[in-house]
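In: Structure here, sequence nowhere to be found:
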């Protein structure tokens, strides 16, 4: 009897451990590679992110310099070669304005990323919706319709992320607009995190529990003041998911591309750095 009870205890404990570990994972988010690409930065960002052993990597777009049908295919081949060492890591890219600008470029994006301009995927308890605003400053009505339908279909997933290239939400988020169409969908379907690139600048706004994040550059040139505390630096995000909890660290690249400073997401707001980097 005692032996049987102990066996049952260990079986239950092992199952609980397996369930908990099955709900824990990490992934990386990389900002723009291009927009006056700085040599070596994107490769370093991938190297450092891969060393974190992420389940997958999400990209916010502008993977090629693009804007020219004649050179686009060669540019995609160059990216494929530079990322060959990381093929074991699934890569989910959003289309940027440097990636899609014409019918041909849209076909090349699909060919080299294996994704349509907008799509979604699940990883364990999390759902990700990738939106296409590569050719529009705002989210087109058709894009918003896709988002709502996608969120409806995956409503049971406890965690939801929305990713796009342009931060079409920027003015609404900065103004804490609770009535924007995107914010209302996020609140209705439980979207916790909305991520974009394009600006090459780290920016964070929380609107009623929805985290809006503009990613720092992962290779595109630095604009503005070029000061770290203003959000101008090369880096990536490491996202730790544990059950329904999401923790996000913003990691600056190591020398010579940065000083390897690390901050929690809450350390940033729309005005820049508000807390000192972690030691």
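Out: Cool, got the structure. All of these numbers come straight from a predicted model, not from anything done at the bench. Residues are numbered from 1 along each chain as shown.
In: Make sure residue 118 is actually in contact with residue 130.
Out: Yes. Taking contacts as C-beta atoms under 8 Å, residue 118 lies within contact range of residue 130: 6.0 Å. Every residue, glycine included, has its C-beta placed from N, CA and C.
In: now the spatially closest residue to residue 172 that is not a sequence neighbour: how far from residue 144?
Out: With sequence-adjacent residues excluded and distances taken as C-beta to C-beta, 6 or more residues apart in numbering, residue 172 is closest to residue 180, at 3.9 Å. Between residue 180 and residue 144 the distance is 11 Å, computed by C-beta to C-beta, to the nearest Å.
In: For the nearest residue to residue 204 once chain neighbours are set aside, give me its contacts.
Out: By the measure of C-beta to C-beta, 6+ apart, the closest residue to residue 204 outside its immediate chain neighbours is residue 268, 4.1 Å from it. Residues in contact with residue 268 (C-beta atoms under 8 Å, 6 or more residues apart in numbering) are 202-204, 231, 250, 274.
In: tell me which residues form a beta bridge with residue 268?
Out: With DSSP bridges applied, the residues forming beta bridges to residue 268 are residue 273.
In: pLDDT score for it?
Out: Predicted confidence (pLDDT) for residue 268: 97.
In: residue boundaries of the strands in the chain?
Out: In the chain, strands defined by DSSP state E lie at 24-30, 57-59, 91-93, 119-123, 126-130, 159-163, 193-196, 203-207, 210-214, 235-242, 245-252, 262-264, 268-269, 272-273, listed in chain order.
In: Could you pull out the helices in the stretch 51-200 of the chain for me?
Out: If DSSP state H, counting those that start in this stretch is used as the criterion, the helices of the stretch 51-200 of the chain fall at 69-82, 103-113, 141-153, 170-174, 181-189.
In: Run the chain-centre distance for the longest one.
Out: Between the centre of helix 69-82 and the centre of its host chain there is 22 Å, according to C-alpha atoms, centre = their mean, to the nearest Å.
In: If we go by neighbour counts, what in that helix is buried?
Out: Of the residues in helix 69-82, those buried by neighbour count under the rule 16 or more other C-beta atoms under 10 Å are 72-73, 75-76, 79.
In: Give me the helices and strands touching that helix, please.
Out: Contacts defined by 3 or more C-beta pairs under 8 Å, 6 or more residues apart in numbering; DSSP states H and E place helix 69-82 against helix 41-50, helix 103-113.
In: Need the contact partners of the first one.
Out: Counting contacts by C-beta under 8 Å, 6+ apart, the residues outside helix 41-50 that touch it are 28, 30, 33, 57, 82-83, 86, 89, 217-219, 234-236, 238, 251, 253-254, 257.
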